[in-house]
Structures are given as structure tokens and as C-alpha cells.
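Participant: what's the 3D shape of this:
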Amino acid sequence: MKTPLPRQVEKVPPADTYALHRLGVSCGIAAGVWLGAAEAPTKLVNIGLSPFAVSLWMVAGVFTARWTFPTLLKGTSYVVRDLGEKKHLIVWALLAGALWAVANTLTVFAIRDVGLAIAFPLWNANSLFGLLWGRVLFRELQGASRGGIAKVALGAVAIVAAAILLGFSTVHGGSHSTSHAARGIAAAIGASALWGTMYVPYRKAYISGMNPLSFVTAFTFGEFGSVLALVWWLDGGAHSSAFHFAQFRSVLFWLFLGGFVWVIGDLFQQFTAKYIGIGRGIPLSNTNQLWGLAWGALVFGELAGTDLAHKLMVLGGSVIMILGALAISTAVAGEREHHSRNLAIERECDRYSLDYRAVIAAQAGNEFDPSERRRWWDYAIVAAAVAVFLWLGLQARVPEIAMNHVWLLVLVVILVVSLLYCGLRLRRQTGFS
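Facilitator: Okay, the predicted model is just below:
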């Protein structure tokens, strides 16, 4: 069999390279802000709800919100066509959703046993898994400069050091018992491994030209189905408190809201992974650790009862992890690294008979079709989602948890500003492609 000649690998103009890098970095920061806020409602586990119930109803909010954003931004016709052109990626999206569901359930246990401010830094070690998979499977960092590789390596070491420091401070200085702290640490590290691996389907989808909005639409079925299965098998089946929601209907809105917030953060994270890769994108979005710490410490007062030494260890570990993530994210990909990425794209195109030039255009955010029209069912989907949130909101009551309302307002304002800024940049630069 005759071996086909290699394609002329596309070169990306430096101006476009830096523009996409800046866009990816902005989306990564916005992802951190929103993902950091998303876990705050899981504090409701302290009022007696099963961690499985919290996870299921939070994911129900995710499922509801997942359909609204692709519908609003692109329309269902676009999403269906995109999925139809890349059917082989649907199973990867379902797999990613399943991995996320198990990891998210583990985070609820971690928050219950060691607290939000401590659990966040530990599971954010998923950066290491993302770096590994990005390098091994997708040629990330291949051809990078020595300076770029050094930033990534030092950032990875900083993340590991921070995770060890935070784990030690939890066991020896926290308010939880040692046995519970160890269990919480194990749950957080397990979530880290699963979330780090979950980014493999992300990257595979985007180097094949799939739009992030299409990917998350299939992703949501995998996550919701997996959480439902976990509740059924591990939380008493039909007897699980998750299925007796009439007893805690007044707090369902807050869990749905947590899912809604998470969807926005994840969408920004998806665009980050697309434009700067998972090796850089995951650490950058993992600045959610800083925002998780802010919600836990400033709003919920999680560190109020700890001694100064313990607070300094938590703060020091958090700062080290953030610096490591930022070092990785500032390693801008050069021409040789883009060449390696395009070779990975070429491999995917050959494997699945995709149009190479169309995939390259999509990778740069140039596949937006301004002629897309919304159908009547698009508006019906959005209206149904809004109705669900309104119905739950009318029955909601503020949870009986001590909160600092001044810091709550400050963090909400930051959420809104980041959404508007990055949303407008995505629209103008890529049309949400």
C-alpha cells in the first residue's frame, strides 16, 4: 500500500498565536472564578443531606443549564450538525461526563471531611495528570523552548509541593479528626486523578475540530447518567434521600444554582483547553483554588477556628499552587510547538477521515457560521430551563449557614464582571467557536 505524502502543515501567524493565547488565558481565569464559586452550595451537605444527594441534584442543575447555553449561543441545529459530522467523539464526551460525575461525588465527601478551603487545593493537583496526558497523547510541549519547558516543569513541582503542604496542614492542624482528614484527602486526590484524565476526551475533541458547545451537550448525558447510577447503587437505591426531594425542596434551588455556576465555569474551561491546550489550560483554570479558598474562608468562615500556624500553612500552600499554575500558563507556545500540534491534528484527520483545513480553521476559532438561525424549539428549551429555576427559586429559603454577606456581594460582582468581559471577547474574536 502506498504511503500518502504528508500535508503541508499550516503555520499560524504570530499575531494570531498571541491573540488566541491571550483569549485562552482570559477564559482560564474566568473559569477559575466561576468553578471556584460552584462548589460553595455543596456546603449544604452539613445540614444532613447525603453527599450522593447533593451531587445528584447539583448535576441536575448542570443538566438543565447545559442545554441553555449551546442553544442560546449557537442553536440546536448547529449542535446536531456538529455532532453528526464527528460521531466518533460522542462516546468520548460520554466517557468524560462519567469521569466528571465520579470525581464530583468524591469532592462532596472531601468537602464534608476536610472543608472547602482545604479540599480545593488537593484536587487541583489534576494539573499533573493533564500535563502528562497532554504530552504523551497530543504532542503538547514537543518543540517548546527551554524556557517554556522550564516554566511547565517548575510549575508542576510547585503544584505537588503545595498539595503535600496542604495535606500535612490538614492532618496536623485542622479542626477535623485525623481519620476523617485522611478520608477527605483520599477523596480529593481521587477526584484529582479522575478530573486530570477527563481532559483527554476534551483535547481529542478540539483537535478534531468539534465546538466546545457541541461537546458539552453530549457530555451532560454521561455525567447525569453516571451520578444517577452512583446514587442507585451506593446510596440505597429508591430509598436514597436524593429521591425524596420533597423533604429538602427548599434548598434544591441552591444546588441547581451551583450546577448552573459550574456550567459557566466549565464552558470557559473548555475554550481554554481548546486555545492553549490541557497542559497549560488546566493549571490556569485551577486558579479556582484561590476562589474556593475565598468562598470557604471569607464567606463561610472555615478558617476562623484554626490557629495562626495552620492558617499560614494553608495560605502558603495556596500561594505556591497558584504561582505554579501561573508559571505554566505563561509558557506561550512557539512555532515549533504549533507544528507538533498540527501533526497531532493531522493524525486525527487521517484516522477519522476529517477535512484537515477545516479542522485547522476550527482550531483557530474561524468556523463560526453567522447564518445560523434559531428555531422555535430553541426558545422552548431556554424557556423550560428558566421555568425550572423560577419554580425552585420561589420555594427556596436561605440555608441556615453563617455567611459574611459583604464578601458574598464582592465575590458575586467579580463573577458578573468576568462573565461579561470574557463572554464579549469570545463573541467578537471567535463567535463562540
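Participant: so in the protein, which helix runs the longest?
Facilitator: helix 249-285 (DSSP state H).
Participant: so for that helix, what gets flagged as buried?
Facilitator: Buried residues in helix 249-285, counted by 16 or more other Cβ atoms under 10 Å: 251-285. Just so you know, the C-beta spots here come from the backbone N, C-alpha and C atoms, and that holds for glycine as well.
Participant: separation between V54 and A396?
Facilitator: V54 is 15 Å from A396, where distance means Cβ to Cβ, to the nearest Å.
Participant: and if you look at G225?
Facilitator: 27 Å.
Participant: picking up where we left off before, between V54 and A396, which one's more packed in?
Facilitator: Using other Cβ atoms under 10 Å, the more surrounded residue of V54 and A396 is V54, with 29 against 17.
Participant: surely F224 touches A60?
Facilitator: Yes. Using Cβ atoms under 8 Å, F224 makes contact with A60 at a distance of 7.2 Å.
Participant: export stretch 288-302 as CSV, just CAs?
Facilitator: Extracted C-alpha coordinates of stretch 288-302, given in CSV (Å, rounded to 0.1, in the frame of the first residue of the first chain):
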residue,chain,number,x,y,z
ASN,A,288,-10.4,28.2,41.1
GLN,A,289,-8.4,27.1,44.2
LEU,A,290,-7.9,30.7,45.1
TRP,A,291,-11.6,31.4,44.6
GLY,A,292,-12.6,28.3,46.5
LEU,A,293,-10.4,29.4,49.4
ALA,A,294,-12.1,32.9,49.2
TRP,A,295,-15.6,31.4,49.4
GLY,A,296,-14.6,29.0,52.2
ALA,A,297,-12.6,31.3,54.3
LEU,A,298,-14.2,34.7,53.7
VAL,A,299,-17.9,33.8,53.2
PHE,A,300,-18.3,30.7,55.3
GLY,A,301,-15.5,31.4,57.8
GLU,A,302,-14.0,27.9,57.6
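Participant: coming back round to it: just checking, what packs against the helix or strand following the longest helix of the chain?
Facilitator: Later in the chain than helix 249-285, the nearest helix or strand by DSSP states H and E is helix 288-294. Helices and strands touching helix 288-294, by 3 or more Cβ pairs under 8 Å, 6 or more residues apart in numbering; DSSP states H and E, are helix 14-38, helix 116-123, helix 308-329, helix 405-430.
Participant: average pLDDT across the shortest one?
Facilitator: Looking back up the chat, that one is helix 116-123. Helix 116-123 shows a mean pLDDT of 69.
Participant: ok, and what's touching the following helix or strand past it?
Facilitator: Following helix 116-123 in sequence order, the next helix or strand is helix 126-138 (DSSP H and E). Here helix 126-138 makes contact (Cβ atoms under 8 Å, 6 or more residues apart in numbering) with 140-142, 152, 155-156, 159-160, 191-193, 195-197, 199-200, 203-204, 207, 277-279, 281-283, 286, 324-325, 328, 341, 344.
Participant: and those residues, which are buried?
Facilitator: Buried among the contacts of helix 126-138 by 16+ other Cβ under 10 Å: 140-141, 152, 155-156, 159-160, 191-193, 195-197, 199-200, 203-204, 207, 277-279, 281-283, 286, 324-325, 328, 341, 344.
Participant: using TSV, lay out the helices and strands packed on helix 288-294 together with distance to G134.
Facilitator: Listed next are the helices and strands packed on helix 288-294 as TSV, based on distance: least, Cβ to Cβ, whole Å:
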stretch	distance to G134
helix 14-38	14
helix 116-123	18
helix 308-329	11
helix 405-430	21
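Participant: deepest in the core, which of those helices is it.
Facilitator: helix 116-123 (a mean of 28; mean count of other Cβ atoms under 10 Å).
Participant: so for E302, which of the helices and strands packed on helix 288-294 sits nearest?
Facilitator: helix 116-123 (4.7 Å; Cβ to Cβ).
Participant: and the pLDDT at V332?
Facilitator: So V332 comes in at 78 (pLDDT).
Participant: re the thing from before, just give me how far the longest helix of the chain sits from the chain centre.
Facilitator: In terms of Cα atoms, centre = their mean, to the nearest Å, the centre of helix 249-285 is set 4 Å apart from its chain centre.
Participant: quick one, that helix and helix 14-38 angle?
Facilitator: Helix 249-285 runs at 150 degrees relative to helix 14-38, counting by axes from the mean of the first three to the mean of the last three Cα atoms, to 10 degrees.
Participant: ok, L72 - contacts?
Facilitator: Counting by Cβ under 8 Å, 6+ apart, L72 has contacts D378, V382.
Participant: which strand or helix spans it?
Facilitator: Using DSSP H and E, L72 maps to helix 51-73.
Participant: between helix 51-73 and the helix or strand just after that helix, find me the angle.
Facilitator: Using DSSP H and E, the helix or strand that follows helix 51-73 in sequence is helix 76-85. Angle between the axes of helix 76-85 and helix 51-73 is 110 degrees (criterion: the same axes, to 10 degrees).
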